[in-house]
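*Asks:* make a model of this:
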Amino acid sequence: MNRDIRLMALALLLWGFGEGLFFHIQPLYVEQLGANPVQIGGLLSAMSVVSAVSFLPAGRLADRLPRKRVLWGGFLLGLVAVLLVGLARTWQRLIPGLLLYSFSAYCMPAINAYLACAADGSNLERVYTTVYAGYAAGGMISPALGGWLAEVTTMRTVYFASAFVFAISAFVVLWVSPQPVPSGSSQERRWRSLLDRRVLRFVALVLLAFVAMYLGFPLAPNFLSDVRGWDVGRIGTLGSFQALGAMSLTLLLGRLGDGRRVRGLVVGQALVWGSALVLLVTGSFPALAVGYLLRGAYQGCRSLIQARASGLARETERGLFLGATEMTIALAQVIAPYAAGWLYAGHPSWPFVASLALIPVGLLLVVLGLPRP
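*Replies:* Below you'll find the predicted structure:
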């Protein structure tokens, strides 16, 4: 944890705090402005489409341009986006701000490539899980605070408060050290490396595993409000338990991973399966808090996959590989919300049932077929 890694951890901690203010109640905000479940699921999928199409070219840019410049641009766009969302008056007018916020995630491959370079390529599982545990720690208190702010003021106020925190986070990023632009093999060879059989197998397994895990996420707030009868304040508080789980479980899963074995990924997927089961079968608040705590393992799985992708790539193509990995996860988050919207329209419990059925399949395939670094 050198100076640059600590600064990135601080920036992501602040970003996690700001995002946590609105993230867990955002589907309720979209619903409040007039959207139905299918429209909400479609909008969430569209947001993931925007992220997905940006990751691969952004990862390529992270190998060709100064990474500090690339990642700072993403922080600045996110700040502008939440201001646009806060100014919207109908759910249709939310669309530009929400899509711009999704596009701002293009800096993720640059962040991960920056961290790998700052760590000199060593102990990547612990570097990624520790830094992203900081992001999760930032979101421990803010979901409850965001729910409270939405109750005593308006949800719009929550987005303006988030923008203030994002501005501080972007300022912190200005202080990280620049990194030299990687030099090496030709552009043609770098793009061809994505067609390697091991890389394609890796991408396919990641897509299946993350679709299965994410199915129960997008409309969980609506399920708790429509079926369980919980108000927005309590639902926001549950988001704090998810952030606590993301922080603690991400650190735990990072200690289980050693770069070759998949223990951390297996345990993480099993914990997400347990969270879907809890949310499906019970409506008591203590049990739901445990369920949301277990959901935090999703972030740990994501960090471990990023570390695995870094281990599959050389420095000259690391941004490209990380962009492809982020694109794959984003595609999973395109498919899952849209499918969840239609499943929810059939019956509110069906997204959880589908997740419970698919996670064991994804877990088994990861154990049998995930490529080693």
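*Asks:* sketch out the low-pLDDT regions of the chain for me.
*Replies:* For the chain, the stretches flagged by pLDDT under 70 are 121, 182-194, 257-261, 313, 315-316, 372-373.
*Asks:* contacting residues around the most centrally placed residue in the chain?
*Replies:* Per CA atoms, centre = their mean, the C-alpha nearest to the average position across the chain is that of Q299, at 6.6 Å. Counting by CB atoms under 8 Å, 6 or more residues apart in numbering, Q299 makes contact with 132, 135-136, 246, 249-250. Just so you know, the C-beta spots here come from the backbone N, C-alpha and C atoms, and that holds for glycine as well.
*Asks:* not counting sequence-adjacent ones, nearest residue to it?
*Replies:* The shortest distance from Q299 to any non-neighbouring residue, by CB to CB, 6 or more residues apart in numbering, is to A246 (4.1 Å).
*Asks:* so who does the one you found touch?
*Replies:* Counting by CB under 8 Å, 6+ apart, A246 touches 132-133, 135-136, 139, 295-300.
*Asks:* neighbour-wise, which of these leads?
*Replies:* With neighbours taken as other CB atoms under 10 Å, the top of the contacts of A246 is G300, carrying 33 neighbours.
*Asks:* sorry, back to before: state the distance from the residue nearest to Q299 to L219.
*Replies:* 19 Å (CB to CB, to the nearest Å).
*Asks:* thinking again about what came up before, what separation do you get for the residue nearest to the centre of the chain and L253?
*Replies:* Distance from Q299 to L253, by CB to CB: 9 Å.
*Asks:* okay, now Q92: neighbour count?
*Replies:* Applying other CB under 10 Å, we find 13 residues neighbouring Q92.
*Asks:* what strand or helix carries it?
*Replies:* helix 91-103 (DSSP states H and E).
*Asks:* which elements pack onto the helix or strand that that helix is followed by?
*Replies:* For helix 91-103, the succeeding helix or strand toward the C-terminus, using DSSP H and E, is helix 108-118. Here helix 108-118 touches helix 3-22, helix 37-64, helix 67-87, helix 124-138, helix 297-312, helix 318-346, going by 3 or more CB pairs under 8 Å, 6 or more residues apart in numbering; DSSP states H and E.
*Asks:* let's have these in CSV, adding distance to A105.
*Replies:* Formatted as CSV, these follow (distance: least, CB to CB, whole Å):
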stretch, distance to A105
helix 3-22, 11
helix 37-64, 5
helix 67-87, 7
helix 124-138, 13
helix 297-312, 12
helix 318-346, 8
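*Asks:* so which of those helices gets nearest S177?
*Replies:* If you check each of the helices and strands packed on helix 108-118 against S177 by CB to CB, helix 3-22 wins as the nearest, at 5.1 Å.
*Asks:* just checking, L238 touches A287?
*Replies:* No. Judged on CB atoms under 8 Å, L238 makes no contact with A287 at a distance of 10.9 Å.
*Asks:* between the two, who's got more neighbours?
*Replies:* L238 (25 against 13).
*Asks:* angle of the helix or strand hosting the more buried one against helix 3-22?
*Replies:* Secondary-structure assignment from DSSP H and E places L238 in helix 232-256. Calculated by axes from the mean of the first three to the mean of the last three CA atoms, to 10 degrees, helix 232-256 forms an angle of 150 degrees with helix 3-22.
*Asks:* starting at the chain centroid, how far to helix 232-256?
*Replies:* 13 Å (CA atoms, centre = their mean, to the nearest Å).
*Asks:* next: stretch 95-111.
*Replies:* Its chain's C-alpha centre and that of stretch 95-111 lie 11 Å apart, by CA atoms, centre = their mean.
*Asks:* now it: buried residues?
*Replies:* Across stretch 95-111, burial judged by 16 or more other CB atoms under 10 Å covers 95, 97-111.
*Asks:* please apply the same query to stretch 165-185.
*Replies:* Result for stretch 165-185 [16+ other CB under 10 Å]: buried residues 165-166, 169-170, 172-173, 176, 179, 182.
*Asks:* narrow these to those in helices?
*Replies:* Members of the buried residues of stretch 165-185 lying in helices (criterion: DSSP state H): 165-166, 169-170, 172-173.
*Asks:* so how many other residues sit close to L249?
*Replies:* Other residues near L249 come to 27 when the count uses other CB under 10 Å.
*Asks:* OK, contacts around it?
*Replies:* 268, 271, 293-294, 296-297, 299-300 are the contacts of L249 under CB under 8 Å, 6+ apart.
*Asks:* what is the nearest of the residues you listed to V85?
*Replies:* Distances from V85 to the contacts of L249, taken by CB to CB, are shortest for Q299, at 22.7 Å.
*Asks:* so that closest one versus G346, what's the distance?
*Replies:* 29 Å.
*Asks:* now swap in G34 and tell me
*Replies:* Counting by CB to CB - G34 and G346 are separated by 22 Å.
*Asks:* likewise S177?
*Replies:* Noted for S177: a distance of 52 Å to G346, by CB to CB.
*Asks:* for stretch 310-327, buried residues please.
*Replies:* Buried residues in stretch 310-327, counted by 16+ other CB under 10 Å: 310-313, 315-327.
*Asks:* same check, this time on stretch 329-347
*Replies:* If you call a residue buried by 16+ other CB under 10 Å, then stretch 329-347 has these buried ones: 329-341, 343-344.
*Asks:* tally of neighbours for the nearest residue to L356 once chain neighbours are set aside?
*Replies:* Using CB to CB, 6+ apart and skipping the chain neighbours, the partner closest in space to L356 is A276 (5.3 Å). Residues lying near A276 (other CB under 10 Å) number 27.
*Asks:* so where does A276 fall, helix or strand?
*Replies:* Using DSSP H and E, A276 sits within helix 263-281.
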